[in-house]
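[1] attaching a predicted model along with its sequence, questions to come.
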Amino acid sequence: MEVDWFSLSAVILLLCTAPFLVFFFVMVCDQYQCSVSQPLVELYSGEATLRSIWDKAPSFTWTAAQIYTVWVSFQVVLYMCVPDITHKFLPGYAGGVQDGARTPAGLINKYEINGLQSWLITHALWYANAQYFHWFSPTIIFDNWIPLLWCTNILGYAVSTFAFVKAYLFPTNAEDCKFTGNVFYNYMMGIEFNPRIGKWFDFKLFFNGRPGIVAWTLINLSYAAKQQELYGYVTNSMILVNVLQAIYVLDFFWNEAWYLKTIDICHDHFGWYLGWGDCVWLPFLYTLQGLYLVYNPVQLSTAHAAAVLLLGLVGYYVFRSTNHQKDLFRRTEGKCSIWGEKPTFIECAYRSGDGGLHHSKLMTSGFWGVARHLNYTGDLMGSLAYCAACGFGHIHPYFYIVYMTILLVHRCVRDEHRCSSKYGKDWKRYTDAVPYRLLPGIF
Ligand code: NDP
């Protein structure tokens with residue numbers, strides 16, 4: 001496969017700028033009270049230099065390295081050594097050994113789904129420590145935040161480089177490797193589809209879900225603890241951010257088996273984009289709102305807080321219901337009820353890599369009849385709610401909604417391009433029946 005110059009430039013630009021972008025957003029809170037413009041103004045006027053900003057930033061510490069090593073090792077132990085038991089007593093929860101989707105080479109991988117259990121154990125320990133044991137301060141994550149950034153970068157680059165080399169030397173499944181003619185593209189977008197060590201250590205599932213997403217709620221709790229320590233109270237904005245993001249994280253783990261069927265696992269290869277992204281980008285940039293609120297403790301009016309809560313909950317409802325409708329429709333092959341009626345759909349045919357003819361269905365009722373990706377729209381509403389919880393003092397916490405919009409619009413275009421090549425004229429019939437992507441009547 002050849003890589004076009006546009007994709008290649010985008011890949012190189014991202015590889016060169018993303019680590020600095022993360023540093024910038026964290027550093028401006030540490031040095032400029034989260035003002036994004038202040039450092040730029042100071043740089044422009046000569047009051048600060050890149051060197052002086054860099055010198056003021058905390059550097060790597062062995063304490064942070066120890067914390068991070070313990071953290072990642074603990075998550076590996078929970079992932080590898082504690083088989084799921086929660087599915088035995090939580091009705092409706094699909095945990096334990098589950099099948100993934102068929103890979104391009106026709107393989108169906110097995111996964112041990114125990115993310116919810118790992119999350120529960122980790123948070124129970126966090127709570128027990130804060131309440132009874134006092135082994136470490138609940139502000140530990142915030143207090144080591146920039147030193148931890150260096151440690152996460154080390155792991156992010158190490159795992160991406162390891163996956164890259166592994167793909168050449170000892171791939172898990174050589175038939176599922178995708179080599180392009182460009183080394184940067186291979187490094188960034190990944191070569192192996194499902195790299196594994198041994199039978200069960202799956203890179204994608206581990207790095208996507210833990211240590212990043214399990215940490216997300218702990219990072220937010222650490223920010224709340226820091227507000228308490230600094231000001232003697234926790235603001236309603238901080239509580240809102242903690243609650244809304246915890247719903248999203250818990251939803252992710254509750255539906256981890258469903259996640260095996262999403263684009264990340266079904267279509268993306270494992271490279272820097274996923275490896276570094278999960279280790280660095282996700283924990284640092286998805287938690288910017290809580291970080292901002294430590295430096296700028298915004299107390300919202302009741303009306304503002306209620307509006308944010310409503311936006312967050314409605315967004316979550318649209319996101320979850322849309323995903324649920326597709327899952328139900330696909331699992332039952334259309335023999336289900338959507339909004340109280342039998343779903344309507346378009347029958348489609350496609351050919352797999354080996355030339356075999358397969359059939360599939362694209363639903364045209366429920367949320368999937370309103371627009372082609374309302375799950376993304378719901379996700380964006382929730383993301384906007386996190387940002388709006390921070391008030392309107394600075395643009396810093398709004399980075400998230402800008403990023404999510406770019407991510408999901410790009411994902412939507414990428415997915416539709418893939419579906420169009422897969423289903424051909426049947427995809428055209430679907431887009432004629434449901435003409436809008438994210439916002440009916442607009443886009
Ligand atoms: P989707 O769950 O929307 O899956 C898209 C696939 O669904 C298509 O490739 C096609 O696959 C199938 N499909 C498309 N239209 C229909 C239809 N009408 N009926 C039935 N099947 C259809 O995409 P993602 O995997 O990207 O997203 C999953 C969720 O994860 C989303 O809610 C998203 O918001 C969220 N997400 C969040 C991120 C974050 O960072 N917070 C990042 C990425 C995703 P097929 O080939 O099987 O037909």
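    Received it, and whenever you're ready, just let me know what you need. Numbering: from 1, shown residues only.
[2] please work out the average pLDDT along stretch 187-196.
    Averaging pLDDT along stretch 187-196 gives 92.
[3] pLDDT below threshold where in the stretch 151-300 of the chain?
    Scanning the stretch 151-300 of the chain for pLDDT under 70 picks out no residues.
[4] what is the burial count for the residue in it that the ligand sits nearest to?
    Using Cβ to the nearest ligand atom, the single residue of the stretch 151-300 of the chain nearest to the ligand is residue 262, 3.2 Å away. In short, each C-beta sits where N, CA and C put it, glycine included. Counted with other Cβ atoms under 10 Å, the neighbours of residue 262 add up to 15.
[5] quick one, phi/psi of it?
    Dihedral pair for residue 262: phi -90, psi 170, per degrees, to the nearest 10.
[6] for it, what are its contacts?
    Contact partners of residue 262, counting by Cβ atoms under 8 Å, 6 or more residues apart in numbering, are absent.
[7] for the ligand, what are the nearby residues on the stretch 201-350 of the chain?
    Within the stretch 201-350 of the chain, the positions near the ligand by Cβ under 6 Å from any ligand atom are 262, 263, 319, 323, 326, 329.
[8] pick out the most distant pair among the residues you listed.
    263 and 329 (17.3 Å; Cβ to Cβ).
[9] figure out the helix or strand that the spatially most central residue of the chain lives in.
    The centroid of the chain falls nearest to residue 282 when counting by Cα atoms, centre = their mean (6.0 Å). Under the criterion of DSSP states H and E, residue 282 resides in helix 282-285.
[10] can you pull out the strands in the stretch 1-150 of the chain?
    96-102, 108-113 (DSSP state E, counting those that start in this stretch).
[11] show me the one of those strands that comes nearest the ligand.
    strand 96-102 (7.9 Å).
[12] which elements pack onto that closest one?
    strand 108-113, helix 263-266 (3 or more Cβ pairs under 8 Å, 6 or more residues apart in numbering; DSSP states H and E).
[13] just name the most buried of those.
    Greatest average neighbour count among the helices and strands packed on strand 96-102 goes to strand 108-113 (a mean of 18), per mean count of other Cβ atoms under 10 Å.
[14] so for that strand, what's the average pLDDT?
    90.
[15] who are the packing partners of that strand?
    strand 96-102, helix 256-259.
[16] quick one: distance of it to the chain centre.
    Put simply, strand 108-113 sits 20 Å off its chain's centre (Cα atoms, centre = their mean, to the nearest Å).
[17] pLDDT at residue 29, what is it?
    On the pLDDT scale, residue 29 gets 96.
[18] before we move on, what about the one 3 residues further on?
    Predicted confidence (pLDDT) for residue 32: 95.
[19] ok, residue 337 next?
    pLDDT, residue 337: 87.
[20] kindly report the same for residue 353.
    68.
[21] same thing with residue 1?
    For residue 1, pLDDT reads 66.
[22] please verify my assumption that residue 166 contacts residue 192.
    Yes: look at residue 166 against residue 192 with Cβ atoms under 8 Å: they come within range, at 6.9 Å.
[23] so which of these two has more stuff around it?
    Between residue 166 and residue 192, counting by other Cβ under 10 Å, residue 192 is the more crowded of the two (23 against 18).
[24] which residues sit in contact with the more buried one?
    163, 166, 167, 171, 172, 173, 176, 177, 269, 270.
[25] make it 7 Å
    163, 166, 167, 171, 172, 176, 177, 269, 270 (Cβ atoms under 7 Å, 6 or more residues apart in numbering).
[26] let me see the backbone angles for it.
    Dihedral angles (degrees, to the nearest 10) for residue 192: phi -80, psi 150.
[27] now swap in residue 347 and tell me
    Dihedral angles for residue 347 - degrees, to the nearest 10 - are phi -80, psi 130.
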